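Engineer: Sequence plus the predicted model coming up.
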Amino acid sequence: MAESTKKPNIFQRWARSFKDMRGEMKKVVWPTKKQVWNNTLIVLAVVLIAGIVICGLDMLFSLVIKLLLKA
């Protein structure tokens, strides 16, 4: 096997991976503080609405089951 086709050792591969990762991180477009705040509020609102809907359905189904068991 020729010396030029020799596989790099583990530390060289790690170094290359970290260099590549650092280059990719520089390309990331990070959201602004306002965008993060707006997205957080949207997520909290959706979670709250979903919780209310699930709670309402749970109470409705519990009532239906109680009525069916009494009959």
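Structural biologist: Happy to help now that I have it.
Engineer: residues near residue 37, how many?
Structural biologist: 11 (other CB atoms under 10 Å). For every residue, glycine as well, the C-beta is placed using N, CA and C.
Engineer: and the helix or strand where it lies, what does it pack onto?
Structural biologist: Using DSSP states H and E, residue 37 sits within helix 33-70. Packing contacts for helix 33-70, counted by 3 or more CB pairs under 8 Å, 6 or more residues apart in numbering; DSSP states H and E, involve no helix or strand.
Engineer: lowest-confidence helix or strand of this structure?
Structural biologist: Least confident helix or strand, the chain: helix 10-27 with a mean of 92, by mean pLDDT, DSSP states H and E.
Engineer: Could you report the distance from the one residue sitting closest to the centre of the chain to residue 36?
Structural biologist: In the chain, the residue lying closest to the centroid (CA atoms, centre = their mean) is residue 43, at 11.9 Å. Going from residue 43 to residue 36 by CB to CB, to the nearest Å gives 11 Å.
Engineer: can you check residue 30 too?
Structural biologist: Residue 30 is 9 Å from residue 36, by CB to CB.
Engineer: which of those two has more neighbours?
Structural biologist: Legend: neighbour count by other CB under 10 Å for residue 30 and residue 36, higher for residue 36 (11 against 8).
Engineer: Contacts only, for residue 67.
Structural biologist: Contacts for residue 67 (CB atoms under 8 Å, 6 or more residues apart in numbering) come out as none.
Engineer: And the pLDDT at it?
Structural biologist: Looking at residue 67, its pLDDT reads 93.
Engineer: now swap in the one 3 residues further on and tell me
Structural biologist: The predicted local distance difference test score for residue 70 is 88.
Engineer: what's the burial count for it?
Structural biologist: Residue 70, neighbours per other CB under 10 Å, totals 6.
Engineer: same thing with residue 25?
Structural biologist: Residues near residue 25, counting by other CB under 10 Å, number 9.
Engineer: again, but for the one 3 residues further on
Structural biologist: Residues contacting residue 28 under the criterion other CB under 10 Å number 6.
Engineer: Next one: it from residue 39, what distance?
Structural biologist: 16 Å.
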